[in-house]
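> Give the three-dimensional model of this entry:
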Amino acid sequence: MERIYLPNKRLAKSRTITAVFSFFIAFSLQLSAKESEQTLVLVGGALTTCASLSPKNCEKNTQIPGKIHNVFALSHAKISQIKQQWPSKNTQAKNKTIKNLATMQAKSSPTLSKKELLWLWRDIDSKQLNSLTDQEYNFVIDMLEVAQLQGDNTRLKEQVNTALNSESAATDILQFISGSLKVKSTNPSILAITASSRDPYESADFYEGLLRFPNINSQWLALTPALAKAITTNKCDDLNTLRHSEMGLYQREHIYPDRTQAEYLLCKNGTDALVQLIKNSTGVMFNGGDQSLTRKVLFDENNQPYPWTKALQSRPVVVGTSAGTAVQSGGQAHAGNVMMITNGTSLSALKEGAQAIDAPSERSNSDSLTYNRFGGLGTFSYGVLDTHFSERNRTLRLGTLLNSFSANQAQPAFGFGVDETTALVVVKSEAGNLMTVIGKNGVVMVKSTGQTAAKTKTYSYSYWPAGSVIDIKNNDFTLSQRSISQALPAIKIPPLPIQRFGSILTDAKLRSLTQAMCLSQEQTAVGQQDAFIISLSTKPESAYHRISAEQYGCAVSNLEISVSTF
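Next up, the predicted model:
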């Protein structure tokens with residue numbers, strides 16, 4: 001028996017969330033609008049939003065008007081272009097690709113979705129498709145894409161309708177962002193930065209739509225790696241070429257001409273105008289994707305901040321989702337420099353440890369735990385931020401990173417893992433700083449205990465469900481007395497079976513197990529993954545509190561997790 005069953009009570013939204021929203025907005029209203037005061041809304045990803053590209057996120061799977069997918073076409077002219085402009089020196093890959101594309105053209109309909117294009121290619125020569133490098137693959141896909149125009153010859157855009165969101169927690173987070181912006185300014189505005197995407201021009205429509213709040217000016221900021229390079233080297237006329245070299249992107253000027261034109265004008269206006277544009281904004285949002293790409297618009301190849309980085313860092317409201325949250329890690333904490341996590345799984349971390357990868361061009365294999373030791377933007381200096389956390393079972397990858405971080409530090413290192421469709425909110429002020437959790441699930445705090453024996457590593461694990469308020473005192477983070485006093489009575493559920501829970505590092509099983517321990521007031525449990533034994537046990541400082549009746553509504557404080565091998 002490996003499954004862990006929990007009470008599944010998806011009740012109506014509890015009053016706890018509303019109370020927390022009101023409490024934090026009221027707290028923010030008490031603050032004067034000083035540059036040092038800031039609200040961070042750090043979303044763990046999967047900000048489930050109704051859009052024309054994502055009808056599954058709309059109520060009743062409603063298909064709203066707008067772009068529904070990218071469109072591709074095979075033609076003699078496009079295949080000839082691919083042959084002439086092949087991005088690598090691999091002639092064999094080029095020749096095989098050209099041959100297969102010609103065969104595909106004979107079997108192709110006039111236009112294809114990406115899924116249809118790839119299935120056709122796999123049917124012709126799956127092995128050859130899989131043998132292409134990322135550079136070669138992306139080049140071919142970009143070159144085959146065609147522009148989508150409406151009857152008036154304007155570009156067909158992805159549309160967003162948050163009023164039709166099927167996930168109320170996502171709407172709650174968006175409302176909190178809107179409220180925070182209005183608290184900070186009587187004429188609020190927010191800039192969307194989509195640099196985490198391989199194609200930031202493609203993502204721009206979605207994020208502009210996502211942030212289209214009443215009485216708030218929202219716009220896309222064309223801050224891309226190509227722009228960063230061009231504006232600092234006076235090479236605005238070379239933006240097309242820089243998209244190839246800095247971003248591995250091709251013919252975007254044909255697919256998103258309005259976006260590349262905005263990028264060109266931003267470049268021509270110069271650095272001072274870019275800095276002033278950012279300073280004039282109330283907030284900024286960083287999108288999901290790859291945090292290493294976002295870092296390329298914040299720091300140059302020598303890890304020096306760009307002229308606009310400080311302005312981004314000091315916005316009154318900073319929002320991130322997924323990679324946009326992870327890139328907020330950085331700066332100086334009580335234990336030293338805060339690094340930025342970039343890749344890896346819990347299992348590979350336990351097997352291989354952590355590897356520093358500081359240059360944007362460096363890459364590891366897809367499973368290795370990697371980090372940038374210089375950190376990211378640095379709005380969040382309490383510890384390392386991680387995302388898609390419980391859903392991708394990342395507790396032990398974060399714990400492994402913290403162990404490597406704290407080995408030479410006098411104080412323990414902290415990590416904060418934000419679950420999907422959930423946000424960790426931080427309000428910073430001269431009067432003191434506060435944290436809360438809003439949205440659907442929760443936030444994990446992992447603390448390195450510094451206890452690392454030859455075959456055993458130990459971590460402290462806390463889980464804060466949505467509705468939790470967190471106190472920040474004496475270089476530590478604890479569930480507030482406010483949250484404890486409002487906790488629900490414990491419920492009676494059967495004790496956990498006496499067994500070793502298998503495959504504990506897959507899916508979200510570790511969260512399920514810790515929630516089951518919390519609800520049943522269990523003192524110990526044991527899981528296993530391959531050759532690793534994961535033991536969970538309470539300590540004198542451990543505590544359980546039922547914050548809400550939601551599926552993951554049980555708060556866990558200071559549970560000890562020990563990892564050993566056979």
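> contacting residues around Q481?
Neighbour list for Q481: D471 [criterion: Cβ atoms under 8 Å, 6 or more residues apart in numbering]. (Each C-beta comes from the backbone N, C-alpha and C, glycine too.)
> Show the pLDDT at it.
Looking at Q481, its pLDDT stands at 97.
> Pull up the gap between the residue of the chain most remote from its centre and K96, please.
Within the chain, the residue lying farthest from the chain centre (Cα atoms, centre = their mean) is A106, at 40.8 Å. Using Cβ to Cβ, to the nearest Å, A106 is found at 16 Å from K96.
> low pLDDT regions in this protein?
Counting by pLDDT under 70, the chain shows low-confidence ranges at 1-36, 333-336, 359-365, 406-412, 450-454.
> Name all residues that make contact with the residue positioned nearest the centre of it.
The structure's the chain has its C-alpha centroid closest to S322; by Cα atoms, centre = their mean the separation is 0.7 Å. By Cβ under 8 Å, 6+ apart, S322 lies in contact with V43, G44, G45, A46, S196, N287, G288, G289, T387, H388.
> Find the nearest non-adjacent residue to it, please.
Leaving aside its sequence neighbours, S322 sits nearest to G288 (Cβ to Cβ, 6 or more residues apart in numbering; 3.1 Å).
> What strand or helix carries the one you found?
Here G288 sits in a region with no helix or strand, counting by DSSP states H and E.
> For it, list the residues it contacts.
Counted by Cβ under 8 Å, 6+ apart, G288 has contacts G45, L47, S196, S197, T321, S322, A323, G324, T387.
> Now for the closest residue to the fifth one other than its chain neighbours, how many residues are close by?
Closest residue to T321 apart from its sequence neighbours, by Cβ to Cβ, 6+ apart: V43 at 4.0 Å. Number of residues near V43 (other Cβ atoms under 10 Å) recorded here: 29.
> doesn't T325 make contact with V43?
Yes: judged on Cβ atoms under 8 Å, V43 makes contact with T325 at a distance of 5.9 Å.
> returning to what we had before: so the residue farthest from the centre of the chain belongs to a helix, correct?
Yes: assigned with DSSP: H, G, I helix; E, B strand; the rest coil, A106 falls within a helix.
> tell me which element Y463 is part of?
Here Y463, judged by DSSP H and E, is contained in strand 456-465.
> now F213
Going by DSSP H and E, F213 is not in any helix or strand.
> before we move on, what about the one 5 residues further on?
Of the helices and strands defined by DSSP H and E, S218 is found in strand 217-220.
> List the buried residues in the following helix or strand past that strand.
As assigned by DSSP H and E, the chain's next helix or strand after strand 217-220 is helix 225-233. The neighbour-count check on helix 225-233 (16 or more other Cβ atoms under 10 Å) flags P225, A226, L227, A228, K229, A230, I231 as buried.
> So what's the residue count around T449?
For T449, the count of nearby residues is 17 (other Cβ under 10 Å).
> can you give me the strands for the stretch 251-400 of the chain?
Using DSSP state E, counting those that start in this stretch, the strands of the stretch 251-400 of the chain run over residues 283-286, 317-321, 332-333, 336-337, 340-343, 354-356, 369-372, 384-387.
> who does the strand holding Y463 touch, helix- and strand-wise?
Strand 456-465 sits against helix 395-406, strand 442-452, strand 476-479, helix 509-520, strand 554-565, with contacts defined as 3 or more Cβ pairs under 8 Å, 6 or more residues apart in numbering; DSSP states H and E.
> can you pull the contacts of K428?
S36, E37, Q38, T39, L40.
> and stretch 486-497, how far apart are its ends?
From its first residue to its last, stretch 486-497 covers 30 Å (Cα to Cα, to the nearest Å).
> what's the answer for stretch 209-219, then?
9 Å.
> What residues sit buried inside that stretch?
Buried residues in stretch 209-219 (16+ other Cβ under 10 Å): G209, L210, L211, F213, I216, S218, Q219.
> Isn't S390 up against K509?
No: counting by Cβ under 8 Å, K509 is not a contact partner of S390; they are 9.4 Å apart.
> Look at the two and report which has more neighbours.
S390 (27 against 20).
> Okay, that one and L156: tell me how far apart.
37 Å.
> Could you do L312 as well?
31 Å.
> and what of V71?
In terms of Cβ to Cβ, V71 sits 9 Å off from L156.
> Those two: who's more crowded?
Higher neighbour count among V71 and L156: V71, with 20 against 17, using other Cβ under 10 Å.
> Show me what that one is bridged to.
Counting by DSSP bridges, V71 is bridged to V146.
> Kindly report the same for M340.
Beta-bridge partners for M340, by DSSP bridges, are N372.
> Tell me who's in contact with it.
By Cβ under 8 Å, 6+ apart, M340 lies in contact with Q291, R295, A326, V327, S329, G330, Y371, N372, F374, G375, G376, V384.
> picking that back up, convert the C-alpha atoms of the strand holding Y463 to CSV, please.
Extracted in CSV, the C-alpha atoms of strand 456-465 (Å, rounded to 0.1, in the frame of the first residue of the first chain):
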residue,chain,number,x,y,z
THR,A,456,22.4,10.9,6.9
LYS,A,457,21.3,14.4,6.2
THR,A,458,18.7,16.2,8.3
TYR,A,459,16.3,19.1,7.5
SER,A,460,13.6,21.0,9.3
TYR,A,461,10.3,21.1,7.3
SER,A,462,7.4,23.5,7.8
TYR,A,463,4.3,23.8,5.7
TRP,A,464,2.2,27.0,5.8
PRO,A,465,-1.3,26.6,4.1
